[in-house]
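Enquirer: The sequence and its predicted three-dimensional model are supplied below.
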Amino acid sequence: MVRSFSIRSSLLGSMTILIALLSGTILGMTMLAQRDTARVMSRSLLSQTIDQTVERLHRFFDPVAQTLLLLRSWSEAGLLDTDAADAMNRLLAPVMTPYPQISAILVADARGREHMLLHDGDRWHNRQTRRDVWGARTRWLEWTTGEPAPSMTWREVDYDPRKRPWYRAAVEHGKAVAGGSATDLVMWTAPYSFFTLEAPGITAATAFEVGGVPRAVGIDVLLSEISIYTMHLRPSSRGVVVVLADDGRVIGLPRSPRFDDARARRAALLAPPTALDMPALGDGVHALAARGDARGPARFASAGEPWWGETQRFELAPGRALSVMVMVPEADLQGGLRAIRWWIVGLTAAALGGAMLWAIVLAGRFCRPIEALVRENDRISRGDLEPGPDVRSSISEIRWLAQAHERMRLALRTLFKMERDLQLARQIQQATLPAQLPTLAGFEIDGWCEPAEATGGDTYDVIGIDEDHGGIVSAGPAARAVMVLADAAGHGIGPALSVTQVRAMLRMAVGGGHDLASIVQRMNAQLAVDLRDGHFITAWFGLLDARDHTLTSVSCGQGPILHYVAAHDECSRRPADTVPLGVFEKLDAPDPAVVVLAPGDVVVVASDGLFEARNRGGEWFGTDRVVALVRERHAARGAEILGALRDAVARFTEGTGADDDRTAIVIKRHG
């Protein structure tokens, strides 16, 4: 049993739930808005920091590439000669001075000769290598800006420039991009520790030939300069910026007091992020790397705290790229949003209490008139349709409901009266259908009419004619019988009255002794006057004579008429003879058709409601199914054939309501 509630308690409970849901929604939306705010703020902050860092990297690496191309052009022009150390130093020193990130310039060739100019603070160093002349011995020159006179020393160093990664990679790269653009000529090595300074760095190099001798120029770039910049970036109070090589090693350190010391920075450079003892950095690098090429900020967790991070690739050259990563904790982005959220919680709770009090008052205003309407509905449901007390309310919708309730009461009174009238009309129409049929020797006649509504637009009648006196025989033996099956356009009270008129007119005409053709003409003329424009009646008229076994008939728009010929086991389909009744004032009807019914012959006349009965798939019952049933059941009695036809239609339609009235007459001559 379903538990019931009063309108008052249900309304109050529903409003309480609604207010609670609304409050929860506000709080939830606030939290979502807080998340979205963090996302928006992170997108702006991270993108801005990345853009700044990328711009800084351009200013860091682009001058190196431009300087390298300048040195290449000088070397191709013969200005850089490894045997002319002083001349080369005078050219290279001014090139290096503006760029603190450049630690050394190297010029080497395939003979194993190299000239290196190294800048370390205020000191300058030359390393000159002649593998083809000096072997493992190298000559070193050292001077300062204040003491330009160099001091010279010789050192035994197992150093061959041709075996250095930068030289070999430059030569291979030069072969691969021969004939390419200027930017394609620059090759960048992976980060590594420099041979001389033993400091982390990266080398930009380019290879070419001078006088048929392969030559390469390289510029060593100290990575510590990148960390000096990234360590000073503060995207938020705890946010960090890190630059990674394409193999994931750190070349731009994040901000941390541990890296204030130069030796600590040097030890941390070229280490994986997880080795820096910064859990958020390791978690962020892992989360951002898992996204692949996806852009935009990503949210990740580190030590139970949410962070936001974003990464962007910085292309040094084809096949060589760096990654700029920025990470900030979500708490840094939210700032005062947490306090605002708690204020919202408190204000929501206060609003909820006030809303509950107002809900109680509002429930009373709604429920009192509604409860009165419920009492009125209960009275009307018991059949009391007399006026009740006025239901008053200051709420417009309830006043409209009360007015609609009164209109419903009046409409119910009218409907009940119409229902009684319809029942009476149905009883009258059903009474016009023959309760008993006359009997003709050697024949069986049976009929059926099923209206689609309370009253229908179909009818049928079988009127016996006394052989001796010519009077009408409603039941009992008769020599002849006049039959009609009529179908008025539509169904309901109007068509029902029209077909009832047809039956009455036919009985009067038969009683007057008129022949079949005359009856059809007279009835058409009267119906053309009585029916409104666009209305008509299809009808089949038949005269069955038991003495000569003939059936004389005229079909006015009614068809097909089925005639099963037992001798040939065939069923003919006769179309209508003329237009329906009431269409034209003068009916050009052909002469009635006359057929002789042999033993076993069956004639079936049906309205279109039977042929056009639909199943749930919209398919019609159709003429073919009627023909097949008559051929199958032709040996049965006429009443059995009609019953089988009714059952077949019911099974086909699967109990769906009839769209149109269904009427049929079956005539069978005994064998």
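Expert: Everything's here; your move. Residues are numbered from 1 along each chain as shown.
Enquirer: residues touching Phe60, list them.
Expert: Contacts were defined as Cβ atoms under 8 Å, 6 or more residues apart in numbering; by that measure Phe60 touches Gln101, Val221, Glu225, Ile226, Tyr229. Every residue, glycine included, has its C-beta placed from N, CA and C.
Enquirer: how about 6 Å then?
Expert: Phe60 makes contacts with Gln101, as judged by Cβ atoms under 6 Å, 6 or more residues apart in numbering.
Enquirer: And it, its phi and psi?
Expert: The main-chain torsion angles of Phe60 are listed as degrees, to the nearest 10 and equal phi -80, psi -50.
Enquirer: what's the longest strand in the protein?
Expert: In the chain, with assignment by DSSP state E, the single longest strand is strand 305-317.
Enquirer: Break down the stretch 251-400 of the chain into its helices, ranges please.
Expert: Counting by DSSP state H, counting those that start in this stretch, the stretch 251-400 of the chain has these helices, from start to end: 262-268, 279-290, 330-334, 337-381, 396-432.
Enquirer: Please enumerate residues in contact with the shortest one?
Expert: Right, helix 330-334. Looking at what lies outside helix 330-334 - Cβ under 6 Å, 6+ apart - the contacts are Ala38, Met41, Ser42, Ser236, Ser237, Arg238, Pro306.
Enquirer: related to what we said a few turns ago, in the longest strand of the chain, what's buried?
Expert: For strand 305-317, the buried set under the neighbour-count rule, 16 or more other Cβ atoms under 10 Å, comprises Trp307, Trp308, Gly309, Glu310, Thr311, Gln312, Phe314, Leu316, Ala317.
Enquirer: Now do it: everything it contacts.
Expert: When contacts are defined by Cβ under 6 Å, 6+ apart, strand 305-317 is touched by residues 42, 46, 50, 54, 57, 188, 280, 284, 288, 297-300, 321-330.
Enquirer: Direction included, what does it pair against?
Expert: Partners of strand 305-317 in the sheet, by DSSP bridges, are strand 298-302 (antiparallel), strand 320-329 (antiparallel).
Enquirer: tell me which element Ala87 is part of?
Expert: Element membership for Ala87 (DSSP states H and E) is helix 85-96.
Enquirer: Which of the residues in that helix are classified as buried?
Expert: By neighbour count, with 16+ other Cβ under 10 Å as the criterion, the buried positions of helix 85-96 are Ala85, Met88, Asn89, Leu91, Leu92, Val95, Met96.
Enquirer: cool, stretch 505-517 as well?
Expert: Using 16+ other Cβ under 10 Å as the burial criterion, the residues of stretch 505-517 that qualify are Met505, Leu506, Arg507, Ala509, Val510, His514, Leu516.
Enquirer: repeat for stretch 475-482
Expert: Buried residues in stretch 475-482, counting neighbours by 16+ other Cβ under 10 Å, are found at Ala478, Ala479, Arg480, Ala481, Val482.
Enquirer: which stretches of the stretch 401-550 of the chain aren't confidently modelled?
Expert: Across the stretch 401-550 of the chain, the ranges flagged by pLDDT under 70 are 415-431, 454-456, 468-470, 490-492.
Enquirer: Which parts of it are helices?
Expert: In chain order, the stretch 401-550 of the chain shows helices spanning 493-511, 516-530, with DSSP H, counting those that start in this stretch as the criterion.
Enquirer: Could you identify which of those is most buried?
Expert: When you average the neighbours per residue for each of those (mean count of other Cβ atoms under 10 Å), helix 493-511 leads with a mean of 20.
Enquirer: Ala528 reaches Leu581, doesn't it?
Expert: No. Contact status for Ala528 versus Leu581: not in contact, 7.8 Å apart, counting by Cβ atoms under 6 Å.
Enquirer: List the contacts of Glu114.
Expert: If you count contacts by Cβ under 6 Å, 6+ apart, then Glu114 has Ala108, Thr129, Pro161 around it.
Enquirer: In which helix or strand does the second one reside?
Expert: Following DSSP H and E, the helix or strand that holds Thr129 is strand 123-130.
Enquirer: So what are the sheet partners of that strand and their directions?
Expert: Looking at strand 123-130 with DSSP bridges, its partner strands are strand 113-120 (antiparallel), strand 137-144 (antiparallel).
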